[in-house]
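*Asks:* model this:
(chains A and B)
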Amino acid sequence: MKAVYNKELKSFFTTPMGMIFIAFMLLVVGLYTWAINFIQLMPNFEYALYSATLVYLFFIPVLTMRSIAEEKRNRTEQLLFSAPVTVADIVLGKYFAMLTILAIPLVITAAYPLIISMYGAVNFASAYLMLFAFFLLGAALTAIGMFISSMTENQLIAAVLSLAAMLMIYFMNSLINMVNSSSIMALSLFTVFVVVFAIVVYSMTNSKNLAVILGFVLEIAVVVLYSMFPEMLITGFDAMLSSFALFNRLNNFYFGMLDLGALAYYLSVCALFVLFTVQSIEKRRWS
Amino acid sequence: MIEVKGLVKRYGSHTAVENLSFTVETGQVYGFLGPNGAGKSTTMNMITGCISATEGQVLIDGHDIFEEPLLAKRQIGYLPEIPPLYTDFSVREYLKFVCQLKGLKKAEIKPEIERVLAKADVADVADRLIKTLSKGYRQRVGLAQALVGDPAIIILDEPSIGLDPKQIIQMRELIRSLGREHTVILSSHILSEVSEVCDHILIIKKGKLIGNGTPEELASQMQVGTTLTVEVMGDEAVIREALAGIEGEIKISAGNQGAFVVEITTAEQSDLRSQVSIALSSKGLVILSMNLAQASLEDVFLELTYGDAELPAAEESQESEEDAQ
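*Replies:* Next comes the predicted model:
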């Protein structure tokens, strides 16, 4: 794991990419700090960070697009696969290298509350908690981006798919509000999920019959549910979509609260998508 | 050292490797011979654990590559068809990464890099970025990578592809010298290369093993025969009648200006020129030209891999083909 980590980190800095990432992150967080803390004169660094989450929409796709896809395209994965290391070692090495690139600018921004404190009263606990949560949000999104990168060997496709995923996650809240109004909307979106699920089943088992039958049974269940308890469909759908709304989990930190549930949630997403990435690579080797 | 048992790789309905079984003994150079798309790279990727097998087993020094990958992979150095290079790195940085990847201790890394640089003859470009190197150098850096950690088994997929003639000769010498201390498996679609460097040849066609032996064994099994080509004026029926007593396979086709081209192929080496000449002229037929050609090892290899011929030793794989159908 350490070998892959060192190599990944080094390749970020042999090209200008690493420096560009760090500079970009510092620029965006710096701009928000300047606007919110120094123009609007608010002593809360967490407000600046909360607004700066927008940076992830562009930062994460570019950071993660090459992680797995490039190894596939250049066939360097064969070196990794024939070496005495596990796929988990490879994935974790890459993941931690990306987290390091993410952490470097955030460590620098840790000085900002100190600077702000020279001009007013700063609640350090809530400022640094927000910084930590902000990092965990980035870590969770990085895991998702890495997983997307493992599904293609084209970096550009990986970047576009990641961007789409980030946008989806970012605007999930508005989506939920939209769905709340009607159960027919919930029904149609559940149907989309059933179709996607059937396609995933088909791609994993190569069995058309199984996918069609499973999809059919699930769809009947959804329709029955819709005709009998439409409100259940809406609440169920609400909960389902909310679990994708990563950005919303920062809300409590914005108000200066310690939300352990959110921290656990971010860590779970990280673990889950690292695991998915390992599985996606293993699946390609075993198919 | 390496035992391959009933190896199968299927991609959907396409079978890339079919029931491959062979054993590789320690301290010899093995050649994997077959046309492009015969399943050589797929087999090598399975032996090195890069991809899984649909069925079958690969044992490296008693360790199953799929069950105990870390123990098995420690014994192997692998140069894939496309050298797995990080082109933004210098040669030295790249080799350092490979050393770390293979779990070498910190103190061993520096001398090991120098050793493989010298062995693969790339010491003069050690500090250059890999992306600035020519194809021949890249291939050798790829080879240096396979030598890191001094593995007992070195597997090279098409090691001389894309090299110029002088580099090919150097590569062959290098492989021969490696064969003294390591077990080497290399793949190639060029017979002369394999027969020159290897102690043992495995011929593979459409994922099946159709020949297995030393170059001498294979040459004798391949039954190098001769072909006599005769250009004759006259009637086709009369020519057939005249040649009725001649042994061998006779093929008659129309030639230029009313002449016929007769091809007589024999399984063993023989010179039928005088016999044929007497037989034809006794019927009053005019011989315009005569040419005796010997089928080379190369021709037989081509016939084996592209035609339908099978070596006698390959009966087993033929049966498995029927099983599969």
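*Asks:* what's the weakest-modelled helix or strand in the chain?
*Replies:* You didn't say which chain, so I picked chain A. Lowest mean confidence among the helices and strands of chain A (mean pLDDT, DSSP states H and E): helix A:172-180, at a mean of 73.
*Asks:* mind listing what the residue nearest to B:L85 when sequence neighbours are not counted touches?
*Replies:* Setting aside the residues directly before and after it, B:L85 is nearest to B:I130 in space (Cβ to Cβ, 6 or more residues apart in numbering or on different chains), at 4.9 Å. C-beta coordinates here come from the backbone N, C-alpha and C atoms, glycine included. Residues in contact with B:I130 (Cβ atoms under 8 Å, 6 or more residues apart in numbering or on different chains) are B:L85, B:Y86, B:T87, B:D88, B:F89, B:S90, B:V91, B:Y94, B:R138, B:V141.
*Asks:* tally of neighbours for the residue of the stretch 151-300 of chain B found nearest chain A?
*Replies:* For the stretch 151-300 of chain B and chain A, the shortest gap (Cβ to the nearest Cβ) falls at B:I155, measuring 8.4 Å. For B:I155, the neighbour count with other Cβ atoms under 10 Å in any protein chain shown is 27.
*Asks:* likewise for A:Y32?
*Replies:* Neighbours around A:Y32, by other Cβ under 10 Å: 20.
*Asks:* ok, back up a step: and the helix or strand hosting the residue of the stretch 151-300 of chain B closest to chain A, how far out from the chain middle?
*Replies:* For B:I155, the element it lies in under DSSP states H and E is strand B:153-157. Strand B:153-157 has its C-alpha centroid displaced from the chain centroid by 13 Å (Cα atoms, centre = their mean, to the nearest Å).
*Asks:* ok, A:N44 - contacts?
*Replies:* A:N44 touches A:I36, A:N37, A:V122, A:N123, A:S126, A:A127, A:G256, counting by Cβ under 8 Å, 6+ apart.
*Asks:* phi, psi for the nearest residue to B:S289 once chain neighbours are set aside please.
*Replies:* Distances taken as Cβ to Cβ, 6+ apart put B:E231 closest to B:S289, at 4.5 Å, once the chain neighbours are dropped. B:E231 adopts backbone torsions of phi -110, psi 120, taken as degrees, to the nearest 10.
*Asks:* skipping adjacent residues, who's closest to residue 56 in space?
*Replies:* Using chain A here. A:Y56's closest residue in space is A:L141 (Cβ to Cβ, 6+ apart), at 5.4 Å.
*Asks:* that's the wrong chain, I meant chain B
*Replies:* B:L7 (3.7 Å).
*Asks:* bridged to that neighbour, which residues?
*Replies:* Beta bridges link B:L7 to B:L20, judged by DSSP bridges.
*Asks:* do I have it right that it meets B:I51?
*Replies:* No - using Cβ atoms under 8 Å, B:L7 is not in contact with B:I51; the gap is 11.3 Å.
*Asks:* who's more crowded, those two?
*Replies:* Set B:L7 next to B:I51 and count neighbours by other Cβ under 10 Å: B:L7 wins out with 24 against 18.
*Asks:* thinking again about what came up before, which one (most neighbours) among the contacts of B:I130?
*Replies:* B:V91 (27 neighbours).
*Asks:* and the closest residue to B:D164 other than its chain neighbours, how far from chain A?
*Replies:* Leaving aside its sequence neighbours, B:D164 sits nearest to B:G136 (Cβ to Cβ, 6+ apart; 6.6 Å). Separation of B:G136 from chain A (Cβ to the nearest Cβ, to the nearest Å): 18 Å.
*Asks:* contacts for the strand or helix carrying B:G136 next, please.
*Replies:* For B:G136, the element it lies in under DSSP H and E is helix B:135-147. Residues outside helix B:135-147 that contact it (Cβ under 8 Å, 6+ apart): A:79, B:77-80, B:83-85, B:91, B:94-95, B:98, B:115-117, B:119-122, B:125, B:130, B:133, B:154-156, B:159-164, B:167, B:171, B:174, B:178.
*Asks:* residue 116: neighbour count?
*Replies:* No chain was given, so I picked chain A. A:I116: 21 neighbours (other Cβ under 10 Å).
*Asks:* oops, chain B please
*Replies:* Neighbour tally, B:V116, other Cβ under 10 Å: 24.
*Asks:* now do the same contact list for A:N37.
*Replies:* A:P43, A:N44, A:F45, A:Y47, A:A48, A:Y112, A:I116.
*Asks:* which of those lies closest to chain B?
*Replies:* Among the contacts of A:N37, and counting by Cβ to the nearest Cβ, the member closest to chain B is A:Y112, at 33.2 Å.
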